[in-house]
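Colleague: Sharing a model that was predicted from the sequence below.
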Amino acid sequence: MTASPVVFADRLLSLGLARVSEAAAMASGELVGRGDEKAADQAAVNAMRDQLNLLDVRGTVVIGEGERDEAPMLYIGEEVGSGTGPEVDIALDPLEGTTLTAKDMPNALTVIAMAPRGTLLHAPDVYMDKLAIGPGFAPDVVSLDMSPSDRVRALAKAKGVKESDITVCVLERPRHEAMIADIRATGAAVSLITDGDVAGIIHCAEAHRTGIDMYMGSGGAPEGVLAAAALKCMGGQMWGQLTFRNDDERGRAAKAGITDLHKVYGRDEMVQADVIFAATGVTDGSILQGIIREPGHFTTETLLMRSKTGSIRRMIYRNPKEWVGA
């Protein structure tokens with residue numbers, strides 16, 4: 001008799017996933033403002049891996065710290081979990097914003113998503129051209145085929161507002177200078193971020209809180225999948241197209257199983273099934289409060305979401321330092 005497949009019990013797994021995110025944040029919390037990016041990242045990686053291995057899943061890291069020869073832990077293809085329970089894909093960024101953490105700048109997060117095996121895009125470590133808007137719009141109001149200014153005009157029309165009422169979040173990089181100029185030519189505002197485009201894309205889903213209507217620009221493809229997981233839970237639309245600078249990057253795509261190098265991926269092609277998403281603030285930001293360090297305690301704020309129900313929880317966790325990682 002063939003055994004029945006183990007069901008992806010997202011409700012039961014969600015609090016465990018939040019604990020994974022919280023542990024990584026607390027581990028890196030001691031290094032906020034210390035100027036050591038590598039140490040902060042390694043502390044988050046170690047804590048996240050330890051906590052993942054306590055979960056009753058048979059997990060495979062599909063978005064991680066890099067290839068096996070580049071990352072000693074949480075590398076792409078690494079198996080995590082207790083070895084019992086459902087088979088799952090795991091996408092993670094143990095510390096999104098290592099520079100932000102080292103310099104105590106806003107919006108550093110620990111981020112992790114989990115979905116049934118084979119349902120998360122195995123995005124190679126290359127750039128992705130990204131575009132995202134929040135929920136409540138007809139499909140394909142904007143697209144990657146449009147110019148930046150046309151996207152602003154289309155979204156303003158859909159919202160019933162002036163173009164000058166639109167604010168676009170963009171990663172501050174020299175490669176985006178022409179795009180920023182085109183956006184501003186419409187009268188729209190540009191909110192620049194120095195790092196952390198997962199947080200930048202999440203902003204779109206909570207425009208009433210953040211004032212951000214749209215995200216556009218190129219950034220890491222792995223972060224694009226994490227952001228798509230968040231938007232699948234919160235609502236909103238997202239598109240991503242891989243971009244390649246050389247044959248080595250095209251080879252990375254082939255190794256990840258990408259056959260169409262020009263494909264534009266929608267949100268539900270990057271995340272094909274129900275997903276759990278957790279993020280914990282490391283430094284204060286527009287989405288989450290950062291780690292609060294008190295004598296003997298850490299306090300964290302975590303965003304925990306499930307796409308199956310559309311539930312969004314904000315959880316405050318005060319934990320004695322001696323139990324961090326336990």
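Modeller: Okay, I see it.
Colleague: From here on, just use CA atoms for contacts and neighbour counts.
Modeller: OK.
Colleague: Domain-wise, how is this protein divided?
Modeller: Domain assignment for the chain by automatic domain parsing gives 10-119+275-323, 127-270.
Colleague: Against Asp247, how distant is Leu95?
Modeller: To Asp247, Leu95 is 29 Å away according to Cα to Cα, to the nearest Å.
Colleague: now swap in Gly85 and tell me
Modeller: For Gly85, the distance to Asp247 - Cα to Cα - is 39 Å.
Colleague: Same check on Phe8?
Modeller: Distance from Phe8 to Asp247, by Cα to Cα: 38 Å.
Colleague: More neighbours: which of these two?
Modeller: More crowded of Phe8 and Asp247, by other Cα atoms under 10 Å: Phe8, with 19 against 9.
Colleague: How about that one: what's its closest non-neighbour residue?
Modeller: Closest residue in space to Phe8, ignoring its immediate chain neighbours: Pro86 at 5.6 Å, by Cα to Cα, 6 or more residues apart in numbering.
Colleague: Likewise for Pro320?
Modeller: Pro320 sits nearest to His297 (Cα to Cα, 6+ apart), 4.4 Å away.
Colleague: picking that back up, and among the domains of the chain, the most buried is which?
Modeller: Across the domains of the chain, averaging neighbours per residue (mean count of other Cα atoms under 10 Å) puts domain 10-119+275-323 on top, at a mean of 21.
Colleague: any idea how far that domain is from the chain center?
Modeller: Distance of domain 10-119+275-323 from the chain centroid (Cα atoms, centre = their mean, to the nearest Å) equals 11 Å.
Colleague: What's the mean pLDDT across that domain?
Modeller: Confidence for domain 10-119+275-323, expressed as mean pLDDT, is 92.
Colleague: Now do the phi/psi pair for Arg250.
Modeller: Main-chain torsions, Arg250, degrees, to the nearest 10: phi -60, psi -30.
Colleague: so what's the residue lying closest to it once chain neighbours are set aside up against?
Modeller: Nearest non-adjacent residue to Arg250, counting by Cα to Cα, 6+ apart: Phe244, 6.2 Å away. By Cα atoms under 8 Å, 6 or more residues apart in numbering, the contact list for Phe244 reads 126-127, 250.
Colleague: How about Asp56?
Modeller: Counting by Cα under 8 Å, 6+ apart, Asp56 has contacts 81-86.
Colleague: Could you do Asp41 as well?
Modeller: Asp41 neighbours (Cα under 8 Å, 6+ apart): 28, 94-95, 98.
Colleague: which one among those gets closest to Val198?
Modeller: Leu95 (11.3 Å; Cα to Cα).
Colleague: Any idea which residue is closest to the centre of the chain?
Modeller: Leu226 (3.4 Å; Cα atoms, centre = their mean).
Colleague: Please report the distance of the nearest residue in space to Lys232 that is not next to it in sequence from Arg11.
Modeller: Residue nearest to Lys232 in three dimensions, not counting chain neighbours: Ser307, with 5.8 Å by Cα to Cα, 6+ apart. In this view, Ser307 and Arg11 are 10 Å apart by Cα to Cα.
Colleague: What of Gly118?
Modeller: Distance from Gly118 to Arg11, by Cα to Cα: 19 Å.
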